[in-house]
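K.L.:
can't give you the sequence, but here's the structure:
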Ligand SMILES: CC(=O)SCCNC(=O)CCNC(=O)[C@H](O)C(C)(C)COP(=O)(O)OP(=O)(O)OC[C@H]1O[C@@H](n2cnc3c(N)ncnc32)[C@H](O)[C@@H]1OP(=O)(O)O
């Protein structure tokens with residue numbers, strides 16, 4: 001390896017970069033190795049031309065010169081409002097820097113290049129799912145959708161609502177052939193019920209389903225799709241021998257990796273099946289922070305909240321567009337100062353809301369609200385309230401009445417939930 005001073009060479013990925021990209025990606029994300037050729041072709045096809053940036057180290061003449069990669073999907077998310085507005089979002093993903101080139105500004109250089117593109121293309125938002133919670137705030141991203149993890153003890157978990165006396169099954173196991181015919185439309189319906197919902201296009205669906213089909217590990221079952229006319233769930237069971245060693249009895253657990261219900265009835269009936277899985281002791285699932293299951297069972301301690309994670313990070317690229325497109329639940333007339341040290345997309349804005357509709361204009365008046373653009377992202381979809389954020393010292397307002405007015409106006413009908421990892 002050359003020992004000459006480190007220089008970055010950054011460009012958009014071309015044909016010859018892809019083999020190294022797959023090697024780098026697999027190594028950074030602790031995969032056994034690059035995927036087979038057919039999978040590589042499908043993964044590449046999910047990116048637009050020019051949407052993948054790579055950095056090479058021209059000082060390296062032997063060995064791999066690829067120092068970093070970052071890419072984005074062209075995505076859509078639901079934002080708060082009725083009917084729910086849908087916005088374009090650049091979905092940052094595949095970010096990795098070679099272990100040999102860490103902390104030399106490779107990520108920063110790639111981010112700067114991608115921001116230039118997103119701003120030129122007028123994306124109002126960028127979104128990502130983060131490996132670590134400490135990386136992206138410096139680039140103006142804030143955690144914007146949370147998920148609670150439930151671990152449910154089945155022998156204690158019984159629904160209060162009786163089963164329909166007719167005994168007719170409202171939930172069925174989907175046949176493999178139905179998955180791509182039925183689930184995308186159901187998921188689409190679900191996206192209009194939740195702020196933060198990440199929409200899926202057909203290539204994403206195919207990748208997801210292929211991934212579920214291919215995923216196999218000792219003691220893990222194949223995935224099962226439960227289908228209701230207004231929702232679905234996907235789960236698998238894990239039957240590890242050590243769980244049965246002592247008692248000799250089955251002590252398997254189930255992991256639910258998709259649960260999308262567009263009605264209360266679908267939520268209840270899908271859970272009726274999942275809470276009655278024989279030979280299974282616990283079920284784990286990620287849910288929105290306002291999920292009603294603990295209230296729907298006779299013993300609320302059967303539903304243990306075992307974690308809370310930041311699932312989706314949001315970056316507001318166009319503050320006036322973002323503030324104008326979402327709906328509000330209270331009137332407001334405030335001057336807000338938004339600080340954006342990384343991209344200078346902030347400024348001082350007058351936000352006037354009347355009957356749920358916002359008007360935003362640049363202002364030279366004295367601000368009564370000050371916050372960082374990453375904090376605005378955390379408030380935007382409703383994951384955190386202004387009063388909570390002010391209590392943490394992350395939001396300044398000129399007085400409690402203004403904080404309370406922000407709480408009322410920015411409240412959302414439902415807690416945000418992204419539902420898709422990318
Ligand atoms: C959306 C996604 O794809 S999330 C996936 C992110 N990728 C991974 O987690 C894979 C493994 N990790 C990596 O590949 C790398 O460590 C990366 C991409 C996280 C960082 O790459 P680097 O090139 O080392 O970062 P770079 O040198 O540009 O640092 C930029 C800034 O981020 C900071 N930073 C970098 N990594 C981290 C981290 N893991 N935690 C906290 N801060 C970090 C640096 O200190 C630097 O701060 P400053 O410039 O504000 O002082």
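P.N.:
Received the coordinates, thanks. Values in this document were obtained by computation on a predicted structure and should not be read as measured data.

K.L.:
Go through stretch 161-172 and flag the buried ones.
P.N.:
170, 171 (16 or more other C-beta atoms under 10 Å). Yep, even glycine has a C-beta here, placed from its N, CA and C like the rest.

K.L.:
Let's test this: mean pLDDT of it, rounded?
P.N.:
What stretch 161-172 shows for mean pLDDT is 90.

K.L.:
which residues are contacting that stretch?
P.N.:
226, 227, 228, 229, 265, 268, 269, 270, 272, 273, 296 (C-beta atoms under 8 Å, 6 or more residues apart in numbering).

K.L.:
Would you write a PyMOL line that selects the buried entries of those?
P.N.:
Here is the PyMOL command that selects the buried residues among these (16+ other C-beta under 10 Å):
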select buried, resi 226+227+228+265+268+269+270+272+273+296
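
K.L.:
Quick check: which of the contacts of stretch 161-172 are also close to the ligand?
P.N.:
Counting by C-beta under 6 Å from any ligand atom, the subset of the contacts of stretch 161-172 that neighbours the ligand is empty.

K.L.:
Restricted to helices, list the contacts of stretch 161-172.
P.N.:
Counted as lying in helices by DSSP state H, out of these, are 265, 268, 269, 270, 272, 273, 296.

K.L.:
For residue 303, state which of those is nearest.
P.N.:
The closest of these to residue 303 turns out to be residue 296 (C-beta to C-beta; 8.9 Å).

K.L.:
That closest one contacts residue 159, doesn't it?
P.N.:
Yes. Contact criterion C-beta atoms under 8 Å: residue 296 and residue 159 qualify, at 5.9 Å.

K.L.:
Now the common contact residues for these two.
P.N.:
268, 271.

K.L.:
ok, back up a step: among the ones in helices among the contacts of stretch 161-172, which one sits closest to residue 253?
P.N.:
residue 273 (15.9 Å).

K.L.:
you'd agree the closest one is up against residue 224?
P.N.:
No. Using C-beta under 8 Å, residue 273 is not in contact with residue 224, being 9.9 Å away.

K.L.:
where does the stretch 51-200 of the chain come near the ligand, residue by residue?
P.N.:
When proximity is defined by C-beta under 6 Å from any ligand atom, the stretch 51-200 of the chain lies next to the ligand at 92-97, 102-108, 128, 130-132, 134-135, 138.

K.L.:
For the residue in the stretch 151-300 of the chain that the ligand sits nearest to, give me its contacts.
P.N.:
Taking C-beta to the nearest ligand atom, the ligand has its nearest neighbour within the stretch 151-300 of the chain at residue 198, 13.2 Å off. Residue 198 is in contact with 75, 76, 77, 91, 127, 191, 312, 418, 419, 420, 422, counting by C-beta under 8 Å, 6+ apart.

K.L.:
among these, which are in helices?
P.N.:
Using DSSP H, the contacts of residue 198 in helices are residue 191.

K.L.:
wait, which of the contacts of residue 198 is closest to residue 280?
P.N.:
residue 419 (23.5 Å).

K.L.:
how about the strands in the stretch 51-200 of the chain?
P.N.:
Counting by DSSP state E, counting those that start in this stretch, the stretch 51-200 of the chain has strands at residues 52-56, 66-78, 86-97, 125-128, 141-153, 172-173.

K.L.:
Give me the contact list for the fourth one.
P.N.:
By C-beta under 8 Å, 6+ apart, the residues outside strand 125-128 that reach it are 72, 75, 77, 87-93, 95, 114-115, 118, 136, 141, 144, 198, 312-317, 322, 418.
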